[in-house]
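> build me a model from this:
(2 chains)
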Protein chains: 2
Amino acid sequence: MSEVRKRKESDAKPLESAESDHLDSEDDKNDLGQAPDLSKTIPTGTDKTPGILSIFLDNLPDRWRNWFIRGIFTMIMIVFFFLVIYGGPLALMVTTLTVQVKCFQEIINIGYAVYRIHGLPWFRSLSWYFLITSNYFFYGESFVDYFGVLINRTDFLRVLVTYHRFISFCLYCGGFVWFVLSLVKKYYIKQFSLFAWTHVALLIVVIQSYLIIKNIFQGMIWFIVPVSMIICNDIMAYVFGFFFGKTPLIKLSPKKTWEGFIGGGISTVFFGLGISYVMCQYPYFVCPIEYSEATEQMTVDCEPSAIFRPTSYSLPGFLSLLGMPETISIYPFMLHSLSLSIFSSVIGPFGGFFASGFKRAFKIKDFGDVIPGHGGIMDRFDCQFLMATFVNVYISSFIQTDSPQKLLSQVLYLKPEQQLQLFHMLKESLENRNILAGTP
Amino acid sequence: MSEVRKRKESDAKPLESAESDHLDSEDDKNDLGQAPDLSKTIPTGTDKTPGILSIFLDNLPDRWRNWFIRGIFTMIMIVFFFLVIYGGPLALMVTTLTVQVKCFQEIINIGYAVYRIHGLPWFRSLSWYFLITSNYFFYGESFVDYFGVLINRTDFLRVLVTYHRFISFCLYCGGFVWFVLSLVKKYYIKQFSLFAWTHVALLIVVIQSYLIIKNIFQGMIWFIVPVSMIICNDIMAYVFGFFFGKTPLIKLSPKKTWEGFIGGGISTVFFGLGISYVMCQYPYFVCPIEYSEATEQMTVDCEPSAIFRPTSYSLPGFLSLLGMPETISIYPFMLHSLSLSIFSSVIGPFGGFFASGFKRAFKIKDFGDVIPGHGGIMDRFDCQFLMATFVNVYISSFIQTDSPQKLLSQVLYLKPEQQLQLFHMLKESLENRNILAGTP
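Model (predicted):
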């Protein structure tokens, strides 16, 4: 959905001047609620032309030049996306981490500009310290889950694992004490505001990127399908809005229409079914990522689980009267993709609306200027954020129950006599339910 | 430590006027960093006299009256604390929940006053909605852990458990969409600020109270010892500061001294050893709380675990030369109580400094007026917050590894064939390590 907004805006007159006409801020004077004008302090990238391109494009009219730059960089991003997928899970994770750091930087820069602080003691170092601490905590938690075997081999790492939470918490406490010690009378309120700002940014950025990595470990399909659904929804909502758009959808983004919203949604459902059908056929996409001790590297190779194997579903009787077959054979994942596509086209756009409202609140056009023609990284990823949580919750509720392997690794952390105790309890329970009886 | 601050402040002239003299806010005009004067909008309780007491106290000079009210309500709170402990785990949990809700209300009220909004659409309802949603999520997570057996009996509850995260996330998404729809052009920046404010309040209040409940389930000692350590540290730092205080500790709270800090710390260590020694002798305090299927109620009865049983430690040789015994028999928990008391006297006060800085930033004296002579609930609990997390992390890092019972209940959630698979994997692993061989 944000894709739509950006395209239309680059067509229209720049947002800044358009907005400032009707932004009513007279009540906000001398008040915490006043929006400072950040247009000079936050670099925005929508109208920027990279040096090498400007040689070729300087003769074009402004409007066309913007379209052209935007198009080129859309292509570059899509190619990059394919390259990263081709590069495998590790490349995906490194990219996720990079995007996370860049998003955090953009949000913190806005905070810095909003509170117009120069020389506020330690603020930037503290923000980055909290970013590193929370990443240490969250990434550590996944590494323990997935590389447990590897980690258990090195004594030093084993200590880091056993006391992981304790170490992380001590690091956090260090930051907290540092913050309190850095408080300076004149800046109290700004410092507390930025403390809150940093924590909300961490909440949004770090947790989401942690969940994205967890999703990738479940199989790359859980990353690629949702991400491309959001991209598809963005583009198709724009197309439908462009050709059929009449009824305004939400005051926050006056150019969004119900026609675009619904058309984009329906397209996303079909796109989701299509891409799921294709990807379900490749173990590379559907297999969970595991660390193989034998080859000492990450592998994506498995017997695909039931939801990725063709399954016959019988259709209601009246359909066969219409000449349709009685049963249909599809991948069960395609049914799950329906839920994902409905979420990405109904709730996903609200991530875009939220970011849009945020930018309007602080009167900035983009979050940054990294991607010419598009703005900052956050401008491209605004709708993706809630999606990662949804996918993660969806997997844990409907797909993944604990696997025997994972539970076994937990069991092996117990003391030997406790392992034995569990063994006998399990044996008794299995015997009572006649599950164990039939086996030798 | 906050206890100290309050007592001293009620001696001195009221904080409000004292502070406004030297608070330099000229740079903050027309700026997000400006502190509005909230002294009229936030009710503060330090100087409030309850109706019934004023009959007896009106003849006393102001200074003595404040001391008297403060003393009476300190007693009332301590008596209440004992009553709650006597009431058992359920009473403790209900009290924690009540305190949590009240703290949240106080923080949100300050946000409401800071941004001076009247008629901002839906703000209060949204804040409470998020509070309910996050409590539903967190309390649900513990209930699943501890009442698993009970819950599995009712089909309706089982659905709530299986899809708990999904339901919680949907509830949250509902709130998120509601927030975006409630955005009104004139109030953008205030609405986003309050959204952040609400989320930080949730982070502080809900997560801490969730962790407190988790600690209580590990045994009430894990709640009572840390909480009373903080109270002891508060009081003793005041006493030492009063008699020996000379060297200022931190600019933020000019009346804190190094003498109070160190004296409070040393007292807390001894107090911690003493209270641990007493409490270790009662199963009522040291036993984890479990739901008993037989009696259909929560029970605290067990064979105390190793850390609550007297253990002999041999002392270094040179001490016996000084006439001390070669071995000493103590409860291992007393050694853990050392860590807790060091944390509560070194890091705990920073919770108080933080709250103190926060109140100065917004020029408020107290968070509320619930407790006459003390202020709001948050004023009494400011140092307790980080402590709950510390205790929780401490337990999970050093005390509690997964118990066989808990892992078994996870195993029983697997499909029968997976249970069997795990059984054989565990059997093989135990046999390979010669752990199983000796048993029938």
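> please identify the buried residues of the helix or strand where A:S337 lies?
Assigned by DSSP states H and E, A:S337 belongs to helix A:332-346. By neighbour count with 16 or more other Cβ atoms under 10 Å in any protein chain shown, helix A:332-346 contains the buried residues A:332-334, A:336-337, A:340-345. All C-beta spots, glycine's among them, are computed from the backbone N, C-alpha and C.
> what does that helix rub up against?
Applying Cβ atoms under 8 Å, 6 or more residues apart in numbering or on different chains, the set of residues contacting helix A:332-346 from outside is A:221, A:225-226, A:229-230, A:233, A:261, A:264-265, A:268-269, A:271-273, A:275-277, A:280, A:286, A:306-309, A:311, A:383, A:387, A:390-391, A:394, A:398-399.
> just checking: which of the residues you listed also lie near chain B?
Residues of these in contact with chain B (Cβ under 8 Å from any Cβ of the partner chain): A:390, A:394, A:398.
> I'd say the second one and B:F166 touch.
Yes: under the contact definition of Cβ atoms under 8 Å, A:Y394 touches B:F166, with a separation of 6.9 Å.
> of the two, who's got more company?
A side-by-side neighbour count of A:Y394 and B:F166, using other Cβ atoms under 10 Å in any protein chain shown, places A:Y394 first with 21 against 15.
> separation between that one and B:F242?
Look at A:Y394 and B:F242: by Cβ to Cβ, to the nearest Å, they are 59 Å apart.
> next: A:P332.
Separation of A:P332 from B:F242 (Cβ to Cβ): 71 Å.
> one more: A:N434?
Distance from A:N434 to B:F242, by Cβ to Cβ: 72 Å.
> higher neighbour count, the two?
Neighbour comparison, A:N434 and B:F242: the larger count goes to B:F242, with 16 against 9 (by other Cβ under 10 Å).
> tell me who's in contact with the more buried one.
Taking Cβ under 8 Å, 6+ apart, one finds B:G260 in contact with B:F242.
> do the same with the one 10 residues further on
Contact partners of B:L252, counting by Cβ under 8 Å, 6+ apart, are A:180, A:183, B:353, B:356-357, B:360.
> of those, grab the buried ones for ChimeraX.
Under the burial definition 16+ other Cβ under 10 Å, those of the contacts of B:L252 that qualify are selected in ChimeraX by:
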select /A:180,183 /B:353,356,357,360
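> list the ones among the contacts of B:L252 that fall in helices.
Counting by DSSP state H, the contacts of B:L252 place A:180, B:353, B:356-357, B:360 in helices.
> which residues in chain A form strands?
Taking DSSP state E to define them, one finds strands in chain A at A:248-250, A:253-257, A:290-292, A:297-299, A:311-314, A:327-330.
> got CSV for these, with mean neighbour count and mean pLDDT too?
Formatted as CSV, the strands of chain A follow (neighbours: other Cβ atoms under 10 Å in any protein chain shown; pLDDT from 0 to 100):
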stretch, mean neighbour count, mean pLDDT
strand A:248-250, 17, 85
strand A:253-257, 20, 83
strand A:290-292, 15, 73
strand A:297-299, 14, 73
strand A:311-314, 12, 85
strand A:327-330, 12, 84
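> generate TSV for those, with distance to B:Y238 as supplementary columns.
Output for these, formatted as TSV (distance: least, Cβ to Cβ, whole Å):
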stretch	distance to B:Y238
strand A:248-250	55
strand A:253-257	56
strand A:290-292	55
strand A:297-299	57
strand A:311-314	70
strand A:327-330	71
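> closest to B:T299 out of those strands?
Among the strands of chain A, the nearest to B:T299 by Cβ to Cβ is strand A:290-292 (41.7 Å).
> does A:I275 really touch A:V227, like I thought?
No: using Cβ under 8 Å as the test, A:I275 is too far from A:V227 to be in contact (10.6 Å).
> residue ranges in chain A under the pLDDT threshold?
By pLDDT under 70, the weakly predicted segments of chain A are A:1-58, A:63, A:117-119, A:145-155, A:292-293, A:296, A:401-403, A:437-440.
> what's the longest helix in it?
helix A:188-217.
> helices or strands up against that helix?
helix A:89-114, helix A:123-146, helix A:164-182, helix A:221-244, helix A:384-394, helix B:188-217, helix B:348-361 (3 or more Cβ pairs under 8 Å, 6 or more residues apart in numbering or on different chains; DSSP states H and E).
> which residue is the nearest non-sequential neighbour of A:A355?
In this structure, A:A355 finds its nearest non-sequential neighbour in A:D382, 3.6 Å apart by Cβ to Cβ, 6 or more residues apart in numbering or on different chains.
> so what's that neighbour up against?
By Cβ under 8 Å, 6+ apart, the contact set of A:D382 is A:2, A:351-352, A:354-356.
> returning to what we had before: relative to helix A:164-182, how tilted is the longest helix of chain A?
Inter-element angle recorded for helix A:188-217 and helix A:164-182: 160 degrees (by axes from the mean of the first three to the mean of the last three Cα atoms, to 10 degrees).
> now find how far off-centre helix A:188-217 is within its chain.
Offset of helix A:188-217 from its chain centre (Cα atoms, centre = their mean, to the nearest Å): 13 Å.
> got it, and stretch A:218-236?
10 Å.
> kindly export that stretch (C-alpha atoms) in CSV.
Extracted in CSV, the C-alpha atoms of stretch A:218-236 (Å, rounded to 0.1, in the frame of the first residue of the first chain):
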residue,chain,number,x,y,z
GLN,A,218,10.9,-22.6,9.5
GLY,A,219,11.5,-22.7,5.8
MET,A,220,12.2,-19.8,3.4
ILE,A,221,8.7,-20.1,2.0
TRP,A,222,7.5,-18.5,5.3
PHE,A,223,9.5,-15.5,4.5
ILE,A,224,9.2,-15.2,0.7
VAL,A,225,5.5,-15.7,0.4
PRO,A,226,4.4,-13.0,3.0
VAL,A,227,6.9,-10.5,1.8
SER,A,228,6.0,-10.8,-1.8
MET,A,229,2.3,-10.7,-0.9
ILE,A,230,2.8,-7.3,0.6
ILE,A,231,4.7,-6.1,-2.4
CYS,A,232,2.0,-7.5,-4.7
ASN,A,233,-0.8,-5.8,-2.6
ASP,A,234,1.1,-2.5,-2.8
ILE,A,235,1.4,-2.6,-6.6
MET,A,236,-2.0,-4.0,-7.4
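> for A:Y291, give its distance to B:Q421.
Taken as Cβ to Cβ, the span from A:Y291 to B:Q421 is 20 Å.
> so who does the nearest residue to A:L430 once chain neighbours are set aside touch?
Nearest non-adjacent residue to A:L430, counting by Cβ to Cβ, 6+ apart: A:L436, 3.9 Å away. A:L436 makes contacts with A:427, A:430, B:420, B:423, as judged by Cβ under 8 Å, 6+ apart.
> which of those residues sits closest to A:F82?
Using Cβ to Cβ, B:L420 comes nearest to A:F82 of these, at 42.5 Å.
> my read: the closest one touches A:L430, true?
Yes: B:L420 lies in contact with A:L430 (Cβ under 8 Å); the separation is 6.6 Å.
> enumerate every residue touching the closest residue to A:A201 other than its chain neighbours.
Spatial nearest neighbour of A:A201, excluding adjacent residues (Cβ to Cβ, 6+ apart): A:I107 at 4.3 Å. Neighbouring residues of A:I107 by Cβ under 8 Å, 6+ apart: A:197, A:201, A:204-205, A:367, A:378.
> what do you get for A:W222?
By Cβ under 8 Å, 6+ apart, the contact set of A:W222 is A:215-216, A:391, A:395.
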